[in-house]
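1. 3D model of this:
(2 chains)
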Amino acid sequence: MRHSLLVGSIAALVIGAGAPLTAQISFDARRDAMAGLPLFGDGSLSRYNAAFRAVPKPSGHAFLTIPIPLGILQALKDSTAFDTDSSYFNPVELANLILHPPIFLEVKKAPTPTNNVEFDIGQNAFRVNLGQSAGLVPTDQFGFGASARLLDIGFGAKGVRIGAMVWLNYDVGFVLGDSLRQFLADSAPAHTNTNYNVLEEALAQGGVAPQIGWAGKLTGTDSSGLYLGVNARYYLGLGYARMQGNTGFTTGDTLFAGSNPVTPSVAANFDRATLKDGMGHGFGGDIGLAYVSGPLQVGLGINDVGATITWPKAKIDTFYYDTTTQNVQHFTVDSGVETKTKIPVSYLLNGTYTLPTGTTVGAAILDNGRGTTVHIGGEQRVGPLAVRAGIERDERHKIEFGWGGGLRFLFLSLDVGFVTHSSSLSNSRGVTMATSISIY
Amino acid sequence: MKAKRIALTLAAAALALSCGEGKAIFNVDVYSFMTGTGSDTVHYTLPPSVSGNFDVPPIQVSLVQGIGKAVDTVSLQAAAALVNALGGGTANFQVFFASDSASTYAGPPYIDASGTAGPGATTDTLKANVVFNNNLFSQDKLWVGIRLAASSGASGMDGTMKLSALTLHIVLEDNKGF
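-> All right, here's what the predicted structure looks like:
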């Protein structure tokens, strides 16, 4: 059990170290070609800014985009990630697939570094030199997470919209203890009587939320206006689970001697509630502003404001390492206790400018509560052809690029977008080719 | 938790982060595991014109659980001080490795360094460096033993051989995951 916890922590460290953008690759190849710049009419703007529900959609925008998932075929052929019983099973590849779902074709895989790892071992000495890979050791909190609206349906009239959505929120974060970080990143020797630990926290929650909203023009003329959008939502939680812990081990007087040279250290709290414990509940909402003036559109949206979920009857367990039994024990601290969780607030600031020459340029800054992404992109249309390009700074502060084009024939458009990504466990870039069909 | 577990956990972290292709290299100071245990010193006494072997009890050495699929190369450096007190003869310093203690001395030695003891009180250093390839060294633990194989001269011989260095340099191929 203790070994599983420690190895599980290390496995989570592996996954967390490769944390990518949660939505770096869009299903819309047009958007990918512009490095993820939200497009008006593709749903992403109104997802993050309720005011855009009221902004008149420009002529010629696509009302449906269908991805062409060429990457799935490629992924199914990769047995090193799925054949867990084989000698060539590669958990790094599996982690990559989880973090970077293979919807589209990977035309250039991020090159895996060739790197030797060196260990120095003595009875009272242990040191590891990761070489260039030491740069991958996280020096501050790392992890991954997302707040998703899996389904958002409703109907409306006169600017009022009544509906419901299915929501999901998860967040996983890790921090290496100082000693472990120095051991891995700085090739520091292991010390006796020293604790090597990882601080971890994880939350997963989901439910449904009936909502009512309004979006409309506050003021303006036919060609310009200031729009406001608001949503009020009552979150109903179907279940949640949360863990906060500190796991590791403490070395003894000698590193490699005796029957028990290290002592595991485990201190974790685990609380959760399911539907049978009663639904979680809480209020929250969105607010957005958008200003349109001719070819210029700017907007600011704030989402899940005040979204605190109260769970009426949660169960809380504590896990710890018992030095007497030399095993991890747990006991229930309380059951039927009220707890609270939060959904991170997200912000979107965006702007686009469309010229009469068929040129559209735009920029967007998105903060989803786990980091900020910046997107800048543009499109040039020449008859049925479109050429697109963009640049993005992702949550890890890495610069990524997008480029591509499209060909439109009547009401159909075939679009291809190439986008770089650094979401694998390597710092080098791979290239994904997104393909989609849009219907106008 | 056994020593191999701390090594496994930290090594798993190290190799998981290192990812990609490359070799896993282990520099193991075997001497540090033996010093102070009595297994680093062999006392020998032989009557005239007799040959004999003097073994120390095998000792276990912890490595990291075999993460590489095959051993690329193993380098072994060993040195011992041969301190002869009386008489003289020839002495061979031998080092053995095995996967279990019972068979430590069953196979041929990995190191066999010869020298001369005596006549009389003398001190000699026996050294050897060897390179080989053996998948025994991809396991998570080894048993090591040292032997003095001696042949006495007309006056017999008496003295001690003390290990002064024993280092393993193991290169494993292709560290893909754990």
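2. can you name every helix or strand that the strand ranked longest in chain B contacts?
-> Looking across chain B with DSSP state E, the single longest strand is strand B:141-172. Strand B:141-172 makes packing contacts with strand B:24-29, helix B:30-34, strand B:41-46, strand B:51-55, strand B:59-62, strand B:71-98, strand B:111-117 when contacts are defined by 3 or more CB pairs under 8 Å, 6 or more residues apart in numbering or on different chains; DSSP states H and E. Just so you know, the C-beta spots here come from the backbone N, C-alpha and C atoms, and that holds for glycine as well.
3. any idea how far that strand is from the chain center?
-> Strand B:141-172 has its C-alpha centroid displaced from the chain centroid by 8 Å (CA atoms, centre = their mean, to the nearest Å).
4. compute the inter-axis angle for it and strand B:24-29.
-> 130 degrees (axes from the mean of the first three to the mean of the last three CA atoms, to 10 degrees).
5. what comes up buried for strand B:141-172?
-> B:142-150, B:152-153, B:155-161, B:163, B:166-172 (16 or more other CB atoms under 10 Å in any protein chain shown).
6. ok and it relative to strand B:111-117, angle-wise?
-> Using the same axes, to 10 degrees, strand B:141-172 lies at 110 degrees relative to strand B:111-117.
7. what lines up beside strand B:141-172 in the sheet?
-> Within its sheet, and counting by DSSP bridges, strand B:141-172 is paired with strand B:24-29 (antiparallel), strand B:41-46 (antiparallel), strand B:51-55 (antiparallel), strand B:59-62 (antiparallel), strand B:71-98 (antiparallel).
8. confidence-wise, which of those is weakest overall?
-> In terms of average pLDDT, strand B:59-62 trails the rest of the strands paired with strand B:141-172, at a mean of 83.
9. just the buried positions in it, please.
-> B:59, B:61-62.
10. burial check on residue A:264, number of neighbours?
-> Neighbourhood size, residue A:264 [other CB atoms under 10 Å in any protein chain shown]: 24.
11. what strand or helix carries it?
-> strand A:262-273 (DSSP states H and E).
12. and that strand, what does it pack against?
-> helix A:2-17, strand A:224-251, strand A:308-322, strand A:327-342, helix B:3-18.
13. what residues sit buried inside it?
-> For strand A:262-273, by 16+ other CB under 10 Å, it's A:262-266, A:268-273.
14. how about JSON lines for these, with distance to residue B:89 and pLDDT added?
-> Output for those, formatted as JSON lines (distance: CB to CB, whole Å; pLDDT from 0 to 100):
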{"residue": "A:262", "distance to residue B:89": "46", "pLDDT": "81"}
{"residue": "A:263", "distance to residue B:89": "50", "pLDDT": "87"}
{"residue": "A:264", "distance to residue B:89": "53", "pLDDT": "90"}
{"residue": "A:265", "distance to residue B:89": "56", "pLDDT": "91"}
{"residue": "A:266", "distance to residue B:89": "59", "pLDDT": "93"}
{"residue": "A:268", "distance to residue B:89": "64", "pLDDT": "95"}
{"residue": "A:269", "distance to residue B:89": "70", "pLDDT": "95"}
{"residue": "A:270", "distance to residue B:89": "69", "pLDDT": "96"}
{"residue": "A:271", "distance to residue B:89": "75", "pLDDT": "95"}
{"residue": "A:272", "distance to residue B:89": "75", "pLDDT": "95"}
{"residue": "A:273", "distance to residue B:89": "81", "pLDDT": "95"}
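15. residues from the stretch 151-300 of chain A in reach of chain B?
-> Within the stretch 151-300 of chain A, the positions adjacent to chain B are A:180, A:183-184, A:190, A:196, A:249, A:251, A:255-257, A:259-264 by CB under 8 Å from any CB of the partner chain.
16. of the residues you listed, buried ones?
-> The buried subset of those - by 16+ other CB under 10 Å - is A:180, A:183-184, A:190, A:196, A:249, A:251, A:255-256, A:261-264.
17. okay, and the helix or strand of chain B with the least pLDDT?
-> helix B:3-18 (a mean of 46; mean pLDDT, DSSP states H and E).
18. quick check: of the buried residues of strand B:59-62, which lies closest to residue B:37?
-> residue B:59 (6.3 Å; CB to CB).
19. excluding chain neighbours, what is closest to the closest one?
-> In space, residue B:59 comes closest to residue B:39 once its chain neighbours are excluded; the distance is 4.7 Å by CB to CB, 6 or more residues apart in numbering or on different chains.
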